[in-house]
Structures are given as structure tokens and as C-alpha cells.
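# fold the following and give me the result.
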Amino acid sequence: MVRPIARNLSRRLNQRPWYVTAADIFHRLTVLTLMGGTLYYVGFTGYALWWNHSKRQEYFREHPEELERIKQEKLREKMQATGEIKENN
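As a prediction, the model looks like this:
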């Protein structure tokens, strides 16, 4: 005969002192809270990255000249860093 899990767990918990049971419950709640919070933040960060990426793609599809201007600025900065062109003062 298989005993129900809850009955077996309650017997096991009752065999320990109350402070051990309290520490066990506190530890379980702490771990579950940390895991839940981590999953929430990872999910939210992933969603935010996806959303920003899709909005950026949409913006640059509508404004290709802005994308070209940014590429030119990055190329100019790279050339200035390597010394190929002098900075305009």
C-alpha cells in the first residue's frame, strides 16, 4: 500500500524540532522566491530586447537615410581612431 505524499511529509516534519521545520520552510520559500524572481527578470529582459529590436528594425525600414548616416558616423569614428583622417576642430 502506497502512502499519500502529504501524510508521509507531515509525519516526517513532525518528527523534527519546530525550529528545524521553520528553518526548512524559510529556506524553501527563499529558494523559490529567488528562482521565481530570476525567471521573471530573465523573461522580462528577453522580451524587452526582442521588442526594442523589432521597433528599431521598423524605424530603420521607414528611415533608411538615418541608418546610412549612422553607418557613416561609425566609419568616420573608426578612421579617426586608427589615424587615417584628422579630427575637425
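# what residue ranges in the protein score low on pLDDT?
Applying pLDDT under 70 to the chain picks out residues 1-14, 86-89.
# so how far is Arg28 from the residue nearest the centre of the chain?
Closest to where the C-alpha atoms of the chain average out (C-alpha atoms, centre = their mean) is Val42, at 2.6 Å. Distance, Val42 to Arg28, by C-beta to C-beta, to the nearest Å: 21 Å. Where you see a C-beta, it was placed from the backbone N, CA and C, and this is true even at glycine.
# helices or strands up against whichever helix or strand Gly46 is part of?
Here Gly46 sits within helix 18-62, counting by DSSP states H and E. Helices and strands touching helix 18-62, by 3 or more C-beta pairs under 8 Å, 6 or more residues apart in numbering; DSSP states H and E, are helix 64-82.
# burial measure for Ile25, as a count.
Neighbour count of Ile25, defined by other C-beta atoms under 10 Å: 11.
# ignore the last one, Arg76
Neighbours of Arg76 using other C-beta under 10 Å come to 14.
# wait, doesn't it sit right on Ile70?
No - using C-beta atoms under 8 Å, Arg76 is not in contact with Ile70, being 10.8 Å away.
# what touches both of those two?
Overlap between the neighbourhoods of Arg76 and Ile70 is empty, taking contacts as C-beta atoms under 8 Å, 6 or more residues apart in numbering.
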